[in-house]
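Novice: okay, predicted coordinates and the sequence, questions at the end:
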Amino acid sequence: RERYLQEGMLLQIDSSPHDWLEGRGPELSLVGAIDDATGKVPYAIFREQEDSAGYFILLREVVARYGIPLALYHDRHSIFQVTPGKVPSLPEQLEGKLPLTQFGRLMAELGIESIAALSPQAKGRVERLWGTFQDRLVSELRLAGVTVITEANSFLPGFLERYNARFAITAAAPGSAYRPVGDGFTPEAVFCFKHHRTVGLDNVVRFQGHRLQILPSFERLSYARCIVEVHETLNGAFKVWYRGHYLDICPAPAE
């Protein structure tokens, strides 16, 4: 595999399910990233299990702190790659695009190259990181008396700061490859799950058992038959996006 020489050129991302709390609490998965050029861990978060939302939070925090990395190196988990044979959605077919997972769509929107590892051995740097953390981090969590996931996530920033100060190295190439976000960048409109829906004749969007009433705007009174995006935020809220902005919505009355 090519060696990336500048910070921000390549981040390896992965999750490590482990008994991080040694029986004092539930087993957790640690979702994290490591910079290929420096060995620096820019961010990590404990999750109840490996999930797309955990990687969304990981990338959101990396972008907020450093900028957009050039590439992400990951395994072939279904979070990153669609199941072979999946049929593209109607919007994907109309735009001539291949089907993407939600995280794949996020990488594409940010212009991040997606690189899939051919084998677990190819992820050597991040696998070695988990081995180190399962020793050092587990011990420090025990000494700190951490028993729940909220305490574990509160403990992580200080641990990562100490770890990076001791083990991160200077990149072979100076400077940073992280790209700044553009003007008008709206994080909540990017770091969310997106689903296309057609507005009903009653100006209502139906989504996962919810009925979202679109309110009239200065632009138009009705959005019937319009194809909109339902944005599911990382907090579980729903918003409706249409042609570059959010529409005013409220819960629709029962049918």
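Specialist: Great, that's in hand.
Novice: helix/strand/coil for the residue nearest to the spatial centre of the chain?
Specialist: For the chain, the residue nearest the mean C-alpha position is Phe56 (1.5 Å; C-alpha atoms, centre = their mean). Put simply, Phe56 is helix when judged by DSSP: H, G, I helix; E, B strand; the rest coil.
Novice: for stretch 143-153, buried residues please.
Specialist: Residues of stretch 143-153 classed as buried: 146, 149, 151-153 (neighbour count, 16 or more other C-beta atoms under 10 Å). For every residue, glycine as well, the C-beta is placed using N, CA and C.
Novice: just the helices in the stretch 51-200 of the chain please.
Specialist: 52-65, 90-95, 102-110, 124-143, 149-167, 187-190 (DSSP state H, counting those that start in this stretch).
Novice: what's in contact with the fourth one?
Specialist: Outside helix 124-143, the residues that touch it by C-beta atoms under 8 Å, 6 or more residues apart in numbering are 12-14, 16, 18, 20-22, 24, 30, 32, 34, 36, 39, 41, 120, 152, 155, 159, 163.
Novice: just the CA atoms of that helix, as PDB, please.
Specialist: What follows is helix 124-143, C-alpha atoms only, in PDB (Å, rounded to 0.1, in the frame of the first residue of the first chain):
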ATOM      1  CA  GLY A 124      -2.000  -2.900  10.200                       C
ATOM      2  CA  ARG A 125      -1.700   0.600  11.700                       C
ATOM      3  CA  VAL A 126      -5.200   0.800  13.100                       C
ATOM      4  CA  GLU A 127      -5.100  -2.800  14.300                       C
ATOM      5  CA  ARG A 128      -1.900  -2.100  16.200                       C
ATOM      6  CA  LEU A 129      -3.600   1.000  17.600                       C
ATOM      7  CA  TRP A 130      -6.500  -1.100  19.000                       C
ATOM      8  CA  GLY A 131      -4.000  -3.500  20.600                       C
ATOM      9  CA  THR A 132      -2.300  -0.600  22.300                       C
ATOM     10  CA  PHE A 133      -5.600   0.900  23.500                       C
ATOM     11  CA  GLN A 134      -6.800  -2.400  24.800                       C
ATOM     12  CA  ASP A 135      -3.800  -2.300  27.100                       C
ATOM     13  CA  ARG A 136      -3.300   1.400  28.000                       C
ATOM     14  CA  LEU A 137      -6.900   2.800  27.700                       C
ATOM     15  CA  VAL A 138      -8.400  -0.200  29.500                       C
ATOM     16  CA  SER A 139      -6.000   0.300  32.400                       C
ATOM     17  CA  GLU A 140      -6.700   4.100  32.600                       C
ATOM     18  CA  LEU A 141     -10.500   3.600  32.500                       C
ATOM     19  CA  ARG A 142     -10.200   1.100  35.400                       C
ATOM     20  CA  LEU A 143      -8.100   3.600  37.400                       C
END
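Novice: got the buried residues for it?
Specialist: For helix 124-143, the neighbour count (16+ other C-beta under 10 Å) marks 125-126, 129-130, 133, 137, 140-141 as buried.
Novice: and these as JSON lines, adding distance to Gly175?
Specialist: Listed next are these as JSON lines, based on distance: C-beta to C-beta, whole Å:
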{"residue": "Arg125", "distance to Gly175": "21"}
{"residue": "Val126", "distance to Gly175": "23"}
{"residue": "Leu129", "distance to Gly175": "24"}
{"residue": "Trp130", "distance to Gly175": "29"}
{"residue": "Phe133", "distance to Gly175": "28"}
{"residue": "Leu137", "distance to Gly175": "30"}
{"residue": "Glu140", "distance to Gly175": "33"}
{"residue": "Leu141", "distance to Gly175": "35"}
